[in-house]
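J.: Sequence first, predicted model second:
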Amino acid sequence: MRAWLAAGAALVVLSRPAPAADAPRPVELVVRNATVVTVNAEHRIVENGAVAIDKGRIVAVDTAAIVDARYRARQTLDAGGGLVVPGLINAHGHAAMVLLRGVADDLKLMEWLQRYIFPAEKKNVTAEFVRVGTRLAALEMLRSGTTTFVDMYYFEDEVAQVAKEAGIRTVAGETLIEFPAPDNKTIAESLAYIEKYVQKWKGDPLVVPALAPHSAYLCSADTLKAARALADKYGVPLLIHVSETRDEQEQVAKRYDGKTPTEVLRDLGFLRKGVLAAHGVWLSPGDRAILKEAQAGVAHCPQSNMKLSSGPAPVREMIAEDLRLGLGTDGAASNNDLDMFEEMMTAALLAKHVSGDPTAAPAPAALALATIGGARALGLEDELGSLEPGKRADLVVVGLDAARLHPLYDPVSHLVYAAKGADVRHVVVEGRIVVRDRKVLTLDEAKVLAEAVRLRDQIRKSLAAAN
């Protein structure tokens, strides 16, 4: 009898309806039909993967089956079997200088700056120049997979406005320099401008305002201290050129009793997390230890460094020492493009060539430099740089239709050694599709190019008159 009751009870239980499964959660966007290269701490790669996005944030990264079961998308972006990667972070540049692309080539840095670039800027850089140049740079960067760019230039309020309109993320630093700049003629004027600029943009989802004292050789100790104080007041980054050339090393040593630029910045109390040192070509082991202790970042710019013969940065050592190391193009006047895929490959190959060690900068390390490395260099690794739930939804779909991308064995190898910016098919920034099927949706391409040609003619005339 008991056995029968037990069996009957079991039958009753088994015959009850199963609990209803949780209804799929509505989300704004799902990117699917992709191999997802997360660049997370586990280097996870999800075949037949998908990314769910809502309110500008990543909600889930998983197989398409799991994402489809748990989320209902208002909009779907088909990756067409391509690779989905974190949005690339261009950790150092001067966006508006695309308008000076090709003005002067094949020169050493100081000659290039003093004989050509500074005079050209003095005659031509206005708010309009920066606005037109930044639009052109944003068009180029979005089409080649950059979703965040770090900028050091003038009229940075214009840079911020253009970035906001174009839907690209920026860390935009207003330059402080000891000679009269195109927008502000004195350091006092510059600091007043910067404070208003930071107040205006602080907290914007796409624009991170920053201060950008040019360097220890073109800024006084008082200017560097004032920059640090103002940046600390508002909790914003500091951008600066550090140890780019031998000439810089010598100038700083002469002015500061044999110290390196990094030692000067340390002794002035300038260094902290959120300080990004561009180039770092001539960083000594002691310099690197100082930067690591301060949690300051470094932006490596291999193509610009090579073109100007500034020297090879100690990339193998910086990777081994786990510095906060990112990757940048520098300005297009010294590169001469803003393609971060080219920069990744160059960084990997140059480190191998200089060190004689083919393992110096393997493909995963090079991809990290352009993504999570750039985020770490800026102190923004909790927000950007990898595809993980909770992070801002910046991602790139790389199409695999080009012949050079077949056959595919290792997605990371292809991204670093074979893919080009031209292979970017779709781009999402802050959860918004800004490039679809290789067309930038936020900018009028024909108008952007026409404005660049118009200013090219103006710049050409000014240079001809000067010579």
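T.: Great, that's in hand.
J.: Validate this expectation: residue 30 resides in a strand.
T.: Yes. Assessed by DSSP: H, G, I helix; E, B strand; the rest coil, residue 30 belongs to a strand.
J.: wait, doesn't it sit right on residue 53?
T.: Yes. With contact defined as CB atoms under 8 Å, residue 30 and residue 53 form a contacting pair (7.2 Å). Yep, even glycine has a C-beta here, placed from its N, CA and C like the rest.
J.: Give me the more crowded residue out of these two.
T.: Using other CB atoms under 10 Å as the criterion, residue 30 and residue 53 rank with residue 53 on top: 26 against 23.
J.: list the contacts for the more buried one?
T.: 27, 28, 29, 30, 31, 59, 393, 428, 431 (CB atoms under 8 Å, 6 or more residues apart in numbering).
J.: May I see these arranged in CSV, with distance to residue 252 as well?
T.: Below are these laid out as CSV (distance: CB to CB, whole Å):
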residue, distance to residue 252
27, 52
28, 50
29, 48
30, 52
31, 47
59, 48
393, 42
428, 42
431, 44
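J.: out of those, who's nearest residue 332?
T.: residue 428 (24.4 Å; CB to CB).
J.: Show me the strands in the stretch 151-300 of the chain, by range?
T.: Ranges of strands in the stretch 151-300 of the chain, per DSSP state E, counting those that start in this stretch, are 169-176, 207-213, 238-242, 275-279, 297-300.
J.: Quick check: buried residues in the third one?
T.: Residues of strand 238-242 classed as buried by neighbour count (16 or more other CB atoms under 10 Å): 238, 239, 240, 241, 242.
J.: which one of the strands of the stretch 151-300 of the chain is the most hemmed in?
T.: Greatest average neighbour count among those goes to strand 297-300 (a mean of 31), per mean count of other CB atoms under 10 Å.
J.: Next one: the nearest residue to residue 336 once chain neighbours are set aside from residue 154, what distance?
T.: In this structure, residue 336 finds its nearest non-sequential neighbour in residue 101, 5.1 Å apart by CB to CB, 6 or more residues apart in numbering. Per CB to CB, to the nearest Å, residue 101 is found 18 Å from residue 154.
J.: Also residue 392?
T.: 28 Å.
J.: And residue 438, by the same measure?
T.: 32 Å.
J.: go on, residue 335?
T.: 19 Å.
J.: Check residue 304 too.
T.: Computed as CB to CB, the residue 304 to residue 154 distance reads 19 Å.
J.: One more: residue 143?
T.: Here the distance between residue 143 and residue 154 works out to 25 Å (CB to CB).
J.: and residue 61, what element?
T.: Using DSSP states H and E, residue 61 sits within strand 57-63.
J.: between residue 101 and residue 154, which one's more packed in?
T.: Using other CB under 10 Å as the criterion, residue 101 and residue 154 rank with residue 154 on top: 24 against 21.
J.: Do I have it right that that one meets residue 122?
T.: No. Judged on CB under 8 Å, residue 154 makes no contact with residue 122 at a distance of 11.1 Å.
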